[in-house]
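Novice: Could you work out the structure for the sequence below:
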Amino acid sequence: MSVELLDVSQAEKKERFARSILNGFESYFAEFQNVTLAARTRFENADWHGMHASSIERIDLYKAKTTAVLDVVELIAGDQLRDYQFWTDTKAVYAGLIEGHNNFEMAETFFNSVYCAVFKHRKIRDEHAFVFSPQGDMPPSDFRKVVRRYPLEGSLPALLQNLFADYAFSLPYENLERDIGFIVDAIENFLAPRFDLSRDGLEFQMLEHHFFRNKGAYIVGRIAAGSDSMPIVFPLMQNASEEAEVFVDTVLFGADKCSVLFSFTRSYFMVDASIPSQYVLFLQQLMPAKPISEIYSAMGYNKHGKTYYHRCAYRHMTRTTDQFIIAPGIKGMVMSVFTMPSYDFVFKIIKDRFTPPKEMTHEQVKAKYRLVKRWDRAGRMADTQEFTNLAFARERFSEELMDELRKVAPSLIEEHGKALIIKHVYVERRMTPLNLYLQDASDEQIAAVMDEYGNAIKQLAAANIFPGDMLLKNFGVTRHGRVVFYDYDEIQPLMDCNFRKIPAPRSEAEELASKPWYTVGPNDIFPEEFRLFFSGNQRARKVFDAMHSDIYEVAFWQGLQERIRQGHIEDFFPYRRKLRFPREALNLPEAV
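Specialist: Now for the predicted structure:
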């Protein structure tokens, strides 16, 4: 066979290889969209269990699709599958195939995922994979194409009537005139003093499709006039009447409230976005402080969120000089945590050996993190990005931190010249540990954060999650003052727990015994013992007891279990209860 024929054969092989990966991406994206498109019908049918199941299905879809593609590329590439030059050549072919593609950035991430599956996350170099994109971080998307505009040409109520007519469901509104009255009052009382509503050219600019999550649908946009704008969100819910109706639960103003809605502590939205970058760019204008990686993840594209995070992390490392240090706070028994003073994220690695009395395996800890990724996080558990064989500059690690890593996790680190490879690590947004926050908190701050701490425990339980170790050090305080759980090694479904009251001692000997005088099963939980979580901070305990002492009662936990057993899906609101419009007559559950 001639050299020319061999070259033609190789070129054709590489193109088939590249096309098979692109076809896999297109198949993934189409199925992702189909799952997403069903969210509107699930909302209209009040199919909350289906909404939850489809959310998990969509998360699991990515791995299923990359695994299917891997089988195909193995067949096409044959013995060249692990040839780095072959991947360099096919990357160039793939780049040509997706040049100008509406969603090239996510297609590149899909290519990277197949590459990493082949090489087990080793030698991730830009010549072999899309560490950086030759087309830039994001497509040059025009978000104006996905925005509906409502100019204020008459009265504000008339504008809102038109807006809600465009976002109507197959269900009727419960009382739209009433809800518009609430919105107008909120705009006049809150927004008008901060934003001049009388300016020429003022309009509402709303993303064209609803955002669905759990039992809510959200209309997201902004009020704009010239170069000034104010984010605005309308949460919609269904009532519980026999003839289902939709109502506007509240109106949210400002970047902070919008950021909490799209928080890394909540499950992913479902929104019909055929070009996700259009939505991402608009949302980033609403929330300038929120990383673009988190916005991608909030829309369900968590794998590309991971890619975008990695690129931003690399750039941060190149423009800063501070070192990685051991993260402030009490050291964990299972995880070792480090960060940089200039960085808003922490890195968590699993120790080789756990501090007694912790008894579990590495795989069990990883399973807990996978559970959190797929579960309804209810606004109370931090999302994480998981990395394998992540490379760092060794010089950026303080000697104290290196000593710690060599001591607690030597199997997870490799030093190669100037590089430090960490074989497995979780990355998470940095928060202030609750125990440290309380040290300098005022009485008012303690009251607010202890209420938040109790709400966090209760909301996790309502989402069928028992956090296990509820020590203050295992919770963090976000920049918005919310309390979030981030220590997952002991979490388990609430329904797996057996809540018991401690039996009364039958004799003085039993009462004075150093060990329990009663049998304790592996899933037995004694709520009376939860008071011990406040050891060393009686000031905080006193405030907590006044607000949430019901968590010390067996009946509280068993009551939640019964509600879950009966199929109840709890409402989790990404805003404070005081912001909800008054609807006492319907006896709706209070937001926390």
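Novice: where in the stretch 451-592 of the chain is pLDDT low?
Specialist: For the stretch 451-592 of the chain, the stretches with pLDDT under 70 are 510, 584-592.
Novice: go again using 90 as the cut-off
Specialist: Where the stretch 451-592 of the chain drops to pLDDT under 90, the residues are 468-470, 480, 502-522, 529, 531-538, 570-572, 576-578, 583-592.
Novice: got the residue ranges for the strands in it?
Specialist: 465-466, 475-477, 483-485, 492-493, 498-499, 524-525 (DSSP state E, counting those that start in this stretch).
Novice: Generate JSON lines for these, with mean neighbour count as supplementary columns.
Specialist: C-beta coordinates here come from the backbone N, C-alpha and C atoms, glycine included. Output for these, formatted as JSON lines (neighbours: other CB atoms under 10 Å):
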{"stretch": "strand 465-466", "mean neighbour count": "23"}
{"stretch": "strand 475-477", "mean neighbour count": "24"}
{"stretch": "strand 483-485", "mean neighbour count": "25"}
{"stretch": "strand 492-493", "mean neighbour count": "14"}
{"stretch": "strand 498-499", "mean neighbour count": "17"}
{"stretch": "strand 524-525", "mean neighbour count": "15"}
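Novice: The closest residue to residue 127 other than its chain neighbours: how many residues sit nearby?
Specialist: Nearest residue to residue 127 in three dimensions, chain neighbours excluded: residue 88, at 5.2 Å (CB to CB, 6 or more residues apart in numbering). For residue 88, the neighbour count with other CB atoms under 10 Å is 14.
Novice: Pretty sure residue 88 sits against residue 129.
Specialist: No. Assessed by CB atoms under 8 Å, residue 88 is found out of contact with residue 129, at 9.4 Å.
Novice: pull the CA atoms of the helix or strand of the chain with the lowest mean pLDDT into CSV?
Specialist: Across the helices and strands of the chain, mean confidence by mean pLDDT, DSSP states H and E is lowest for helix 508-512: a mean of 73. C-alpha atoms of helix 508-512 as CSV (Å, rounded to 0.1, in the frame of the first residue of the first chain):
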residue,chain,number,x,y,z
GLU,A,508,-28.2,3.8,90.1
ALA,A,509,-25.4,1.6,88.6
GLU,A,510,-26.8,2.1,85.1
GLU,A,511,-27.2,5.9,85.7
LEU,A,512,-23.5,6.2,86.7
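Novice: all helices of the stretch 201-350 of the chain, in order?
Specialist: Assigned by DSSP state H, counting those that start in this stretch, the helices in the stretch 201-350 of the chain fall at 255-261, 276-286, 292-298, 302-319.
Novice: what residues does the first one touch?
Specialist: Okay, so that is helix 255-261. Residues from elsewhere that reach helix 255-261, judged by CB atoms under 8 Å, 6 or more residues apart in numbering: 218, 220, 231, 233, 252, 286-290, 379, 480, 482, 574-575.
Novice: Lowest-confidence entry in these?
Specialist: The member of the contacts of helix 255-261 with the lowest pLDDT is residue 480, at 89.
Novice: Identify whichever of the strands of the stretch 451-592 of the chain lies nearest to residue 352.
Specialist: strand 492-493 (23.7 Å; CB to CB).
Novice: Show the contacting residues for residue 81.
Specialist: Shown in contact with residue 81 (CB under 8 Å, 6+ apart): 73, 74, 118.
Novice: related to what we said a few turns ago, as PDB, could you dump the C-alpha coordinates of the helix or strand containing the residue nearest to residue 127?
Specialist: Applying DSSP states H and E as the criterion places residue 88 in helix 84-97. Coordinates of the C-alpha atoms in helix 84-97 are reproduced here as PDB (Å, rounded to 0.1, in the frame of the first residue of the first chain):
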ATOM      1  CA  TYR A  84      -1.100  11.200  22.200                       C
ATOM      2  CA  GLN A  85      -0.200  12.300  18.600                       C
ATOM      3  CA  PHE A  86      -3.400  10.700  17.400                       C
ATOM      4  CA  TRP A  87      -5.400  12.800  19.900                       C
ATOM      5  CA  THR A  88      -3.500  15.900  18.900                       C
ATOM      6  CA  ASP A  89      -4.500  15.300  15.300                       C
ATOM      7  CA  THR A  90      -8.100  14.400  16.000                       C
ATOM      8  CA  LYS A  91      -8.400  17.500  18.300                       C
ATOM      9  CA  ALA A  92      -7.500  19.600  15.300                       C
ATOM     10  CA  VAL A  93     -10.200  17.800  13.200                       C
ATOM     11  CA  TYR A  94     -12.800  18.200  15.900                       C
ATOM     12  CA  ALA A  95     -11.900  21.900  16.300                       C
ATOM     13  CA  GLY A  96     -12.700  22.300  12.600                       C
ATOM     14  CA  LEU A  97     -16.000  20.500  12.900                       C
END
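Novice: give me every residue that touches the nearest residue to residue 369 once chain neighbours are set aside.
Specialist: Spatial nearest neighbour of residue 369, chain neighbours left out: residue 488 (5.8 Å); criterion: CB to CB, 6+ apart. Contacts for residue 488 (CB under 8 Å, 6+ apart) come out as 365, 368, 369, 371, 372, 381.
Novice: For the last one, grab the count of nearby residues.
Specialist: A total of 28 residues lie near residue 381 under the criterion other CB under 10 Å.
Novice: go on, the third one?
Specialist: Around residue 369 sit 17 other residues, with neighbours defined as other CB under 10 Å.
Novice: got a pLDDT number for it?
Specialist: 94.
Novice: Domain map for the chain?
Specialist: Structural domains of the chain, as assigned by automatic domain parsing, span the residue ranges 3-119, 143-300+307-314, 320-430, 434-586.
Novice: would you turn those domains into a markdown table with distance to residue 134?
Specialist: A markdown table is the format used below for the domains of the chain (distance: least, CB to CB, whole Å):
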| stretch | distance to residue 134 |
| --- | --- |
| domain 3-119 | 6 |
| domain 143-300+307-314 | 13 |
| domain 320-430 | 21 |
| domain 434-586 | 35 |
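Novice: For these, which has the smallest mean pLDDT value?
Specialist: domain 434-586 (a mean of 90).
Novice: report the angle between the axes of the longest helix along the chain and helix 276-286?
Specialist: In the chain, taking DSSP state H as the definition, the longest helix is helix 3-37. Angle, helix 3-37 to helix 276-286, by axes from the mean of the first three to the mean of the last three CA atoms, to 10 degrees: 60 degrees.
Novice: from the chain's centre, how far out does helix 3-37 sit?
Specialist: 30 Å (CA atoms, centre = their mean, to the nearest Å).
Novice: Could you do stretch 509-516 as well?
Specialist: Worked out by CA atoms, centre = their mean, stretch 509-516 lies 45 Å from the chain centre.
Novice: So for stretch 144-159, what gets flagged as buried?
Specialist: 146, 147, 148, 150, 152, 156, 159 (16 or more other CB atoms under 10 Å).
Novice: What is the nearest of those residues to residue 62?
Specialist: Among those, and counting by CB to CB, the member closest to residue 62 is residue 146, at 23.5 Å.
Novice: surely the closest one meets residue 207?
Specialist: Yes. With contact defined as CB under 8 Å, residue 146 reaches residue 207; the gap is 6.0 Å.
Novice: shared neighbours, these two?
Specialist: 279, 282.
Novice: Identify the residues contacting residue 425.
Specialist: Here residue 425 is in contact with 347, 348, 349, 386, 387, 390, 412 (CB under 8 Å, 6+ apart).
Novice: Pipe these into a markdown table and attach neighbour count and distance to residue 29 per row.
Specialist: Output for these, formatted as a markdown table (neighbours: other CB atoms under 10 Å; distance: CB to CB, whole Å):
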| residue | neighbour count | distance to residue 29 |
| --- | --- | --- |
| 347 | 23 | 31 |
| 348 | 23 | 31 |
| 349 | 20 | 33 |
| 386 | 15 | 22 |
| 387 | 20 | 24 |
| 390 | 19 | 27 |
| 412 | 18 | 34 |
